[in-house]
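Trainee: Got a predicted structure plus its sequence, pasted below:
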Amino acid sequence: MIPFKYYQDKFLSFLEIEKNYSPHTVNNYRCDLDEFSLFLEKNFSGKEIKDQDYFLLRRFLSGISARGLSKRSISRKISTLKSFFKFLVREGIVENNPASGLIYPRQDKSLPKFLTETQVKAVLDAAEGDSLLSLRDKAILEFLYSTGARVSEAASLTVADTDMIGGTVKVKGKGRKERILPLGEPAVTALHDYLRSRDKKSSYVFLNRRGGRLSDRSFRLIVDKYIKKACCTLKVSPHTFRHSFATHLLNRGADLRSVQELLGHSSIATTQVYTHLSVERLKNVYDKAHPRA
């Protein structure tokens, strides 16, 4: 019997080479399939890949649902199974996709959290000092808010893709799609001060203490540090800067299509969630336009 890992590795190679998915995305697929593989070992160790059916997959999902996983996490695992078996059908390894009938759980609609402009300023001002790490942290915070970039995009940013004179950076988003983002003057200044002070050897912009590329987790820890320093009680992640970036642009009159392009969303429907957050803009329009405002 061919081991499950053989098919898993073929699928992950397909995602990485042919689909050009980012290492972060491929790793998410790997984690989901590792969990499914462990389930098979415990319950169906002798079952061939072609004999796995809808009911087996339902049993797997029921098990992880009983552990209290969020609907979003369960949806991701369903998506992984659908993609994995679709690949196996395409390769002629199985005849039918047993995951095609799986239904995604209905998601709870929650609006993204964001900071007010005053709160963002407090966090940015909290990063002070002339040490290398202080300059790096200041550059990270300014960069995230100035560009609205994802953490994975910031972590993979290279010096070669940073144009200080033109005030732009080139980032690689989901599916390795590239886009150019403008940098505000404070972000240009912060990046310039940091890059001038750090070791010139690494091609990546944001480095850890040892001179290696900064991890996604480290970005989160850095943001948490300055959130607490600014005395904000909100639970904020690096992604909150992205939400704040989009909300503040819309509040100040940016059009939705431009914000979509800046965020790198493939569908404008994804960007439209921020229109629900732009209460200040709606109030301003109402005050100016309604005769009895």
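Mentor: Structure's in. What do you need? Numbers count the residues shown, from 1 in each chain.

Trainee: CA only for contacts and neighbour counts going forward, please
Mentor: Fine.

Trainee: residue boundaries of the helices in the stretch 101-250 of the chain?
Mentor: Defined through DSSP state H, counting those that start in this stretch, the helices belonging to the stretch 101-250 of the chain, from first to last, are 117-126, 132-147, 151-155, 185-197, 216-229, 238-251.

Trainee: Need the contact partners of the longest one.
Mentor: Read it as helix 132-147. Among residues not part of helix 132-147, those counted as contacts by CA atoms under 8 Å, 6 or more residues apart in numbering are 124, 127-129, 149-151, 154, 181-184, 186-187, 190-191, 193-194, 197-198, 206, 209, 222-223, 238, 241-242, 244-245, 262.

Trainee: could you check the angle helix 117-126 makes with it?
Mentor: Using axes from the mean of the first three to the mean of the last three CA atoms, to 10 degrees, the inter-axis angle of helix 132-147 relative to helix 117-126 is 160 degrees.

Trainee: taking the mean pLDDT, what do you get for stretch 16-25?
Mentor: Looking at stretch 16-25 alone, the average pLDDT works out to 86.

Trainee: Can you give me the end-to-end span of it?
Mentor: Using CA to CA, to the nearest Å, the end-to-end distance of stretch 16-25 comes to 9 Å.

Trainee: Show me which residues of that stretch are buried.
Mentor: Within stretch 16-25, the residues that qualify as buried are 16, 20-22, counting by 16 or more other CA atoms under 10 Å.

Trainee: same deal with stretch 222-229?
Mentor: Of the residues in stretch 222-229, 222-224, 226-227 count as buried by neighbour count, 16+ other CA under 10 Å.

Trainee: Drop anything exposed from the contacts of helix 132-147.
Mentor: Among those, the ones that count as buried (16+ other CA under 10 Å) are 124, 127, 149-151, 154, 181-183, 187, 190-191, 193-194, 198, 206, 222-223, 238, 241-242, 244-245, 262.

Trainee: thinking again about what came up before, quick check: the farthest pair among the buried residues of stretch 222-229?
Mentor: Of all pairs drawn from the buried residues of stretch 222-229, the greatest distance, 8.7 Å, lies between Ile222 and Ile227 (CA to CA).

Trainee: Could you pull out the strands in the stretch 1-150 of the chain for me?
Mentor: Listed in chain order, the stretch 1-150 of the chain contains no strands at all (DSSP state E, counting those that start in this stretch).

Trainee: What ranges in it fall below the confidence cut-off?
Mentor: Counting by pLDDT under 70, the low-confidence segments of the stretch 1-150 of the chain come to 107-111.

Trainee: one more time with 90, if that's ok
Mentor: Residues of the stretch 1-150 of the chain meeting the criterion pLDDT under 90: 1-3, 18-25, 41-48, 50-51, 63-73, 104-117, 119, 128-129.

Trainee: Let me have the buried residues of stretch 16-25 in TSV, extended by distance to Gln272.
Mentor: Shown next, in TSV, are those (distance: CA to CA, whole Å):
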residue	distance to Gln272
Glu16	30
Asn20	27
Tyr21	25
Ser22	25
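
Trainee: Pick the one among these closest to Glu95.
Mentor: The shortest separation between Glu95 and any of the buried residues of stretch 16-25 is 24.1 Å, and it belongs to Glu16 (by CA to CA).

Trainee: That closest one is in contact with Val26, isn't it?
Mentor: Yes: taking contacts as CA atoms under 8 Å, Glu16 lies within contact range of Val26: 6.7 Å.

Trainee: Phi first, then psi, for the residue nearest the centre of the chain.
Mentor: With distances taken as CA atoms, centre = their mean, Arg150 lies nearest the centre of the chain, 5.2 Å away. Its backbone dihedrals place Arg150 at phi -70, psi 160, with angles given as degrees, to the nearest 10.
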